[in-house]
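**Student:** can't give you the sequence, but here's the structure:
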Ligand code: NDP
């Protein structure tokens, strides 16, 4: 009788670029079936075809609960639910704290913090049943809070506090990890509208490290035996001071 072990299924939010895309590549390379979530469907569709091995793309916006529920239903029905849920989708719209970026403040909170909570809450029954892993992408800005980063840092400090409470609440069934990257070479700074803040963020690209370095570390962490958890990983370019 040919009994094939079911592949683990990873759901990666924000898989259309940067860290999420690198993670999808790394996890697929580790024999994990990946489900790519993002708003830019064409990008994740192309990536899923490139990855093969059952990778699928689902258009979803983490600020739109209905789209997440639809994605979760599809993952449940076609793949038997999620084993590794990675809350990676995020925006960094830095700038001085005043009234000129109110919509961007809301977007950061709704995407980075509430979005991660919504995705987790919706997928939680599957994650519990499959005794899976929850990986939350925070930031070095979840530990330090430089000028210009007030709301972004608030979302990432929020992710850290929420993750720690979940770590305690969901063990032993679910393993919770929080990842705090430093400067990583991605599209993140492209969306900053405050000119000076954007040029500061872009200057870090001179020494930022590639997203594949972060992906490799996360793949290592989720491949450890379930009895062992790396709960928190701060990972920066060697030359980064803050
Ligand atoms: P990118 O801009 O390259 O990727 C961000 C991803 O988030 C995109 O795939 C985007 O997809 C997705 N996204 C944004 N808004 C939504 C939404 N409403 N619904 C679904 N997906 C969304 O940046 P990074 O790869 O750098 O960022 C990934 C994570 O890493 C973020 O949480 C960021 O805060 C964090 N991080 C990044 C650092 C860096 O230096 N780059 C440092 C520390 C943390 P789409 O637009 O297609 O929906």
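**Tutor:** Okay, I see it. Predicted model only: the values in this text are computed from it and were never measured.
**Student:** Would you mark the buried spots in stretch 149-164?
**Tutor:** 149, 151-160, 162-163 (16 or more other CB atoms under 10 Å). C-beta coordinates here come from the backbone N, C-alpha and C atoms, glycine included.
**Student:** what does stretch 173-191 give?
**Tutor:** 174-186, 188-189.
**Student:** helices or strands up against the longest helix along the chain?
**Tutor:** Identified as the longest helix of the chain according to DSSP state H is helix 150-170. Packing partners of helix 150-170 (3 or more CB pairs under 8 Å, 6 or more residues apart in numbering; DSSP states H and E): helix 102-108, helix 114-129, strand 133-137, strand 175-181.
**Student:** is the ligand contacted by it?
**Tutor:** No. Contact of helix 150-170 with the ligand (CB under 6 Å from any ligand atom) is absent, the minimum separation being 6.9 Å.
**Student:** Now do that helix and strand 175-181, the angle between them.
**Tutor:** Taking axes from the mean of the first three to the mean of the last three CA atoms, to 10 degrees, one finds helix 150-170 and strand 175-181 inclined to each other by 160 degrees.
**Student:** what angle do helix 150-170 and strand 133-137 make?
**Tutor:** Using the same axes, to 10 degrees: helix 150-170 against strand 133-137 is 170 degrees.
**Student:** OK, contacts around the residue most central in space within the chain?
**Tutor:** Closest to where the C-alpha atoms of the chain average out (CA atoms, centre = their mean) is residue 88, at 1.3 Å. Contact partners of residue 88, counting by CB atoms under 8 Å, 6 or more residues apart in numbering, are 12, 13, 14, 15, 19, 20, 23, 137.
**Student:** Can you list the neighbours in contact with stretch 161-179?
**Tutor:** Residues contacting stretch 161-179 (CB under 8 Å, 6+ apart): 113, 116-117, 120, 127-128, 131-138, 142, 159-160, 214, 217-218, 221-222, 226, 229-233, 235.
**Student:** Just the buried ones from these?
**Tutor:** With neighbours counted using 16+ other CB under 10 Å, the contacts of stretch 161-179 contain these buried positions: 113, 116-117, 120, 127, 132-138, 142, 159-160, 214, 218, 221-222, 229, 232-233, 235.
**Student:** I'd like the average pLDDT over stretch 26-37.
**Tutor:** Average pLDDT, stretch 26-37: 98.
**Student:** For that stretch, which outside residues touch it?
**Tutor:** Residues outside stretch 26-37 that contact it (CB under 8 Å, 6+ apart): 7-16, 20, 24, 44, 47-48, 51-60, 62, 71, 75, 79, 82-84, 89, 212, 215-216, 218-219, 222-223.
**Student:** For PyMOL, write the selection for the buried entries among those.
**Tutor:** Selecting only the buried entries of the contacts of stretch 26-37 in PyMOL, with 16+ other CB under 10 Å as the criterion:
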select buried, resi 8+9+10+11+12+13+14+15+16+20+24+44+47+48+51+55+56+57+58+59+60+62+71+75+79+82+83+84+89+212+215+216+218+219+222
